Structure formats: C-alpha cells, structure tokens
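K.L.:
Dropping a prediction and its sequence here:
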Amino acid sequence: MTRIFALLLVTVCPAYADIAHGDLQISLPMLRDTPPTAPVAGGFMTIANMGDADDVLTTATIDADFVGEVQLHKMEMEDGVMKMSEVEGGIAVPAGETVYLQPGGLHLMLMGLSEPLTAGEAYEMTLTFAEAGDVVVEFPVLTLGEIRATLEEAGTMDHGMKGHGEDATQTGN
Ligand SMILES: [Cu+2]
C-alpha cells in the first residue's frame, strides 16, 4: 500500500497546484507526453472564473525553444467525423463558469515539436487573458494514463469528453 501511495503522489500531485490570478483559478495544468517523432502535443487545464466579468484566453506561449507555437484548439463532431480546429477569437471563460480543457474537447496544441515531451518534465507556459492579463503556469508532462487518472481523481473528466472520448483522444493529441 505504501508503495502505491508514493507512486500516486509522484504522478498525480504536480497537476494539483491551483493558481489563482485575479478572478481566475487555474487547476490541473498538464501536457501529454509524446513519442519521439510526434509533431504535436496536447495541453490541458481547468479554468474557473470566479468574477463578475467574462474573460477570454487569447494566447498561450511556452518556455521551450523546441516548440514552434501553441495554438488554442477544439474538437467537435462534423458530419460524423471528429475534427480539430483552432478556436476563433480565443477560448471564452464566462463569468461564474468553469472551462475544461481536456482530451477530446478544448485543448492547447503545441505545434512543430522538434523534440519529444517526456513524462516527468515540466514547462512554463504564459497564458494571456483579455481581462486578467498574463499568468505563468507550470505544466507537468504526464502520460495519457496519468492524465486520465488525474481527471478521474478530480472528478472533472466528463466535461471534456462528452459523448466521445476514446477515439477523439487518439486522433487529437
Ligand atoms: Cu489540437
């Protein structure tokens, strides 16, 4: 039992650091690890807006020179096919609501990777909000299994994986 508990601490805890920034609370920041030649990687988090004003996540940048750029993406069904596209105008974070970036739904997409992301590493990302401004958040790199376990543990997984999930995750991130 002791051993299992220690393992959970190592794999799950890094994702539990909540960051408060103005009226925003950012939790469960995570990047998915990648095989050696993968050109893209998915990034996830939960953003709660505790304030009275709507906000928008407009851009994200990562402190890693082997990443070309970070885009804001969504996945949705179009004519029965799961499609991924850039979110026009940023990701809305309405007043009083919580937005979930999770496998199969909204996500950050690291583009143009020239090196892989390895579980156990962590990278700083600067998230820019229209109202709240910049916030720097550390994103630990986890395996997909660890990401799922973390979301399950937090009880937020269904929000990002409404209706699809397994297939979407494999094509998307
Ligand atoms: Cu994407």
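P.N.:
The structure has been received and is ready for your questions. This structure is a prediction, so every number in the text was calculated from the model and none was measured.

K.L.:
so what's the residue nearest in space to the middle of the chain bridging to?
P.N.:
The centre of the chain sits closest to F44, judged by C-alpha atoms, centre = their mean, with a distance of 0.8 Å. Listed by DSSP bridges, the beta-bridge partners for F44 are M30.

K.L.:
Which positions in this structure make contact with the ion?
P.N.:
73, 84, 109 (C-beta under 5 Å from the ion). Where you see a C-beta, it was placed from the backbone N, CA and C, and this is true even at glycine.

K.L.:
Filter the residues you listed down to the ones in helices?
P.N.:
Counting by DSSP state H, none of the members of the residues of the chain next to the ion fall within helices.

K.L.:
most neighbours, which of these?
P.N.:
Tallying neighbours with other C-beta atoms under 10 Å puts H73 at the head of those, with 22 neighbours.

K.L.:
So in terms of bridging, what pairs with that one?
P.N.:
E86, H107.

K.L.:
Pull the contacting residues for it.
P.N.:
Applying C-beta atoms under 8 Å, 6 or more residues apart in numbering to H73 gives the contacts 84-87, 106-109, 172.

K.L.:
I am finished for the moment; much appreciated.
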